[in-house]
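> fold the following, please.
(chains A and B)
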2 protein chains.
Amino acid sequence: MTDRIVVDYLIYGNDAREIAEAISVEQSIEFPAELAEAWIQREVVGQIDSIGEQVDGATSVTISYDHRNAGGELPQLLNVLWGNVSMLRGVRLIDVSIPDVLTKKFSGPRFGVAGLRELFDVPKRALVGTALKPMGSSSADFARMASILATAGFDTIKDDHSLANQPWSMWRERVEVVSAAVREANEKTGNRCVYAPSLNLPADQIQDAAREAKSLGAGALMVLPGISGFDIMRTIAEDDSIALPMMGHPSMLGSLVVSQNEGIAHSVVYGTLMRLAGADISIFPNFSGRFAFTKDECRSIAKAARRPLGTLAPMWISPAGGMTIERLPEMLDFYGRDTAALVGGALHRGDLAANAVQMVEVMRG
Amino acid sequence: MTDRIVVDYLIYGNDAREIAEAISVEQSIEFPAELAEAWIQREVVGQIDSIGEQVDGATSVTISYDHRNAGGELPQLLNVLWGNVSMLRGVRLIDVSIPDVLTKKFSGPRFGVAGLRELFDVPKRALVGTALKPMGSSSADFARMASILATAGFDTIKDDHSLANQPWSMWRERVEVVSAAVREANEKTGNRCVYAPSLNLPADQIQDAAREAKSLGAGALMVLPGISGFDIMRTIAEDDSIALPMMGHPSMLGSLVVSQNEGIAHSVVYGTLMRLAGADISIFPNFSGRFAFTKDECRSIAKAARRPLGTLAPMWISPAGGMTIERLPEMLDFYGRDTAALVGGALHRGDLAANAVQMVEVMRG
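Next up, the predicted model:
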């Protein structure tokens, strides 16, 4: 077992070796390699482990980096993986293997698959989730919706990712009244529904807001790492004084994945990075929804969420984005039961209460 | 003057109107529009202001959003601009006009072009900058380099963006000894050189580290918003107890711009967003360097750094990435004097002290 960070890239074009050499330097010392001391060239500069044959214009290249380059910190690990190479055309990061010496610096999902099964007392089935929508509704409106959804038997109710401090519903007020509505519903039904407010807030307020949300009764939290950064999610997820399930939302992360020949593989962004940063549930757009993710891309995310990663717990996946109750059985077939189903707007076609009950029934099989 | 957020997109493909309608909903209520209350459809959903003719497969579309959707906060403004649409293929954000009602929520560059001219006492010329490299050097090595560079007359010396807490040079030690070396050189020469440590640190430490850097004698700071988030840069830039010049580094932001048909225009990322978040100096890869930015893309960044944006100060641009002393005159011709030149590794070819003096001479013309 190597203790190096091993990164697989696809390099498009005919000068794969030259580009691989450039990457090995760019992502480490960013300095003319031949001018560096011999030991730096040997130990600190990235090493090209292999260069494959060109297939369909792309060459598979593996470069490894000394784990010390990442300094045991997630922001610098991201920098090693994708910092300046993000600005090159024709280079895509397709996989990464992170050594135990680094993964052990991170707690990963606090609950993970097993922990949320225990928290919700659902030994086998998939989780049932939804989002509070639409922006423009008042906090009282959202509380009424939450009450209906919690009563119907939903496990998780999250803020729509667009909810922040809009005049129609300010963050603190919303967290307070929705948390109360969910608590009251749980007291009546005996359910264990949790509300996850979005923490898409100013950077100097996020951590305090996470604590405040907990004190107001929120049972989970949602962070948008594409906007707030992966490391603030890790910070909150690892905070023992908070200790709530963490949802990672894909907002703005799309630009890391959508380009065919550049960016980072879906599995790494929505799987490995979300998990390293402590997401218990990683939300991403399901295939055939409103976005352009393919079946293979979605499958690769599920795999990365569940495969060994040091001693980090497996993570729930939440394929979303234009999902409907009708599509749930197909989704569960495809992804298996360690899936946090998320249906949003579609529940509002017709009667919310009736649709909510129907979705819970479908999910409970 | 509208008080709406006006966003110009290029939409690739033949169904521009359909996609424009989807975006107007996705980036606002993310909910079936026809199910929302009438006033929400009217006021909260984005409005399609215009759809142009298709040219070379792309249609120019303008959609505007109620400024209240952004709630006066940068993270939610980013969410409105690019949150979920980042996950669509064939949509590129090419420009944005932010109303005064929002720009006045942000301080922007604390120093800007005029402020740094005063700070460095350089009424006319471009700024002379470099970076401490390579990773693997000790803090004492970096202090020796900084002393040479400050003595030669450099205005700014920044950490290489890859420097964090590696065993060869830990952050606190480096900031302490490099700051001291620059201070001593300034005392001897009368120069006003500043050292900008990188703040690519764990999210819960960044703001304290900014204060600590100041107390240790750092004269400027550098944030990597592609990793740490734009809003933490804003938070630090707007902190009156810190009040140091802010450099924004482009690490990981490349994925927002490199795709031809997706992502966000260079001018918006390295110009408008950096400036809203309070960068005094925005670093980006110059054309014909190690990266693939074109002359036009670089010119557009310079323009966005300097054009009116509410009452926010104009920002310095720092075209970098494989620059050499030989290329400086061409660069200054192209960008003008409100440019923070940055030459890194090339100064180490031959004698650092002699090269440093030569670069300062070229820049002082």
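> who's in contact with A:Ser198?
A:Ser198 makes contact with A:158-161, A:163-164, A:222-224, A:249, according to C-beta atoms under 8 Å, 6 or more residues apart in numbering or on different chains. For the C-beta atoms, the positions are set from N, CA and C on the backbone; glycine is no exception.
> could you rank these by neighbour count and give me the top one?
Neighbour count (other C-beta atoms under 10 Å in any protein chain shown) singles out A:His249 as the most crowded of the contacts of A:Ser198, with 34 neighbours.
> distance of it relative to B:Gly83?
9 Å (C-beta to C-beta, to the nearest Å).
> what's the overlap in contacts for these two?
Common neighbours of A:His249 and B:Gly83 (C-beta under 8 Å, 6+ apart) are A:161, A:224, A:226.
> which of the contacts of A:Ser198 sits closest to chain B?
Taking C-beta to the nearest C-beta as the measure, chain B lies nearest A:Ala164 of those, at 3.9 Å.
> circling back to that earlier point, so which of the contacts of A:Ser198 are in strands?
Mapping those onto strands (DSSP state E) picks out A:158-159, A:222-223.
> quick one on the thing from earlier: so which of the shared contacts of A:His249 and B:Gly83 are also by chain B?
A:161, A:224, A:226 (C-beta under 8 Å from any C-beta of the partner chain).
> make a markdown table out of those residues and add pLDDT.
What follows is those, written out as a markdown table (pLDDT from 0 to 100):
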| residue | pLDDT |
| --- | --- |
| A:His161 | 97 |
| A:Leu224 | 98 |
| A:Gly226 | 98 |
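> now the residues you listed in JSON lines, with distance to A:Gly112?
Listed next are those as JSON lines, based on distance: C-beta to C-beta, whole Å:
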{"residue": "A:His161", "distance to A:Gly112": "22"}
{"residue": "A:Leu224", "distance to A:Gly112": "21"}
{"residue": "A:Gly226", "distance to A:Gly112": "22"}
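> list the beta-bridge partners for A:Ala320.
A:Ala320 has the following beta-bridge partners by DSSP bridges: A:Pro285.
> any idea how far the closest residue in space to A:Thr189 that isn't next to it in sequence is from A:Ala185?
Excluding the flanking residues, the one nearest A:Thr189 by C-beta to C-beta, 6 or more residues apart in numbering or on different chains is A:Thr151, at 5.8 Å. In this view, A:Thr151 and A:Ala185 are 5 Å apart by C-beta to C-beta.
> quick one: contacts for the residue in the stretch 201-350 of chain A positioned nearest to chain B?
Proximity of the stretch 201-350 of chain A to chain B (C-beta to the nearest C-beta) peaks at A:Gly254, 3.1 Å away. Contact analysis of A:Gly254 by C-beta under 8 Å, 6+ apart lists A:226, A:291, B:84-88, B:262.
> the residues you listed into CSV, with extra columns for distance to A:Met363 and secondary structure?
Conversion of the contacts of A:Gly254 to CSV gives the following (distance: C-beta to C-beta, whole Å; DSSP: H, G, I helix; E, B strand; the rest coil):
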residue, distance to A:Met363, secondary structure
A:Gly226, 28, helix
A:Phe291, 22, coil
B:Asn84, 24, coil
B:Val85, 29, helix
B:Ser86, 29, helix
B:Met87, 25, helix
B:Leu88, 28, coil
B:Glu262, 34, coil
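> so among those, which ones count as buried?
Those of these that meet the buried threshold are A:226, A:291, B:84-88, B:262, by 16 or more other C-beta atoms under 10 Å in any protein chain shown.
> give me the pLDDT value at A:Met1.
In the predicted model, A:Met1 carries a pLDDT score of 66.
> my bad, should have said A:Arg299
98.
> which positions in the stretch 251-365 of chain A make contact with chain B?
A:251-259, A:262-264, A:285, A:290-293, A:321, A:344-346, A:348-349.
> if we use 6 Å, what do you get?
Neighbours of chain B within the stretch 251-365 of chain A, by C-beta under 6 Å from any C-beta of the partner chain: A:251-252, A:254-256, A:258-259, A:262-263, A:285, A:291-292, A:345, A:348.
> so where does the residue nearest to A:Thr189 fall, helix or strand?
helix A:139-152 (DSSP states H and E).
> scan chain A for its longest helix.
helix A:171-189 (DSSP state H).
> in stretch A:178-198, what's buried?
A:178-183, A:185-186, A:191, A:193-198.
> wait, A:Ala220 sits on A:Arg192?
No. The pair A:Ala220 and A:Arg192 does not pass the contact test of C-beta atoms under 6 Å, sitting 11.2 Å apart.
> how near is the residue nearest to A:Thr189 to chain B?
From A:Thr151 across to chain B, the span is 21 Å (C-beta to the nearest C-beta, to the nearest Å).
> neighbours of that residue, how many?
By the measure other C-beta under 10 Å, the count of residues near A:Thr151 is 20.
> and the one 5 residues further on, by the same measure?
Applying the criterion other C-beta under 10 Å, we find 28 residues in the vicinity of A:Thr156.
> any idea how far the closest residue to it other than its chain neighbours lies from B:Leu244?
Distance criterion C-beta to C-beta, 6+ apart; nearest residue to A:Thr156, sequence neighbours excluded, is A:Gly129 at 3.9 Å. As for A:Gly129, its distance to B:Leu244 is 44 Å (criterion: C-beta to C-beta).
> neighbour count: these two, which is higher?
Counted by other C-beta under 10 Å, A:Gly129 and B:Leu244 do not tie: A:Gly129 has more neighbours, with 29 against 22.
> doesn't the more buried one fall inside a helix?
No. Applying DSSP: H, G, I helix; E, B strand; the rest coil, one finds A:Gly129 to be strand, outside a helix.
> give me every residue that touches it.
Going by C-beta atoms under 6 Å, 6 or more residues apart in numbering or on different chains, A:Gly129 touches A:156, A:340, A:342.
> hey, what's it bridged with?
Note on A:Gly129: beta-bridge partners A:Thr156, A:Leu342, judged by DSSP bridges.
> how much space between it and chain B?
15 Å.
> please enumerate the helices of the stretch 201-350 of chain A.
Assigned by DSSP state H, counting those that start in this stretch, the stretch 201-350 of chain A shows helices spanning A:206-216, A:225-228, A:230-237, A:254-257, A:266, A:274-276, A:295-306, A:328-335.
> please identify the most buried of these.
helix A:274-276 (a mean of 30; mean count of other C-beta atoms under 10 Å in any protein chain shown).
> what average pLDDT does it get?
98.
> same thing with stretch A:345-358?
96.
> hmm, who's touching stretch A:354-365?
A:126, A:128, A:149, A:152-153, A:325, A:328, A:343, A:347.
> ok, stretch A:56-73 next?
A:3-12, A:16, A:20, A:24, A:28, A:43, A:46-52, A:76-77, A:80, A:99, A:101-102, A:105, B:164-167, B:202.
> excluding chain neighbours, what is closest to A:Arg174?
A:Ser139 (4.3 Å).
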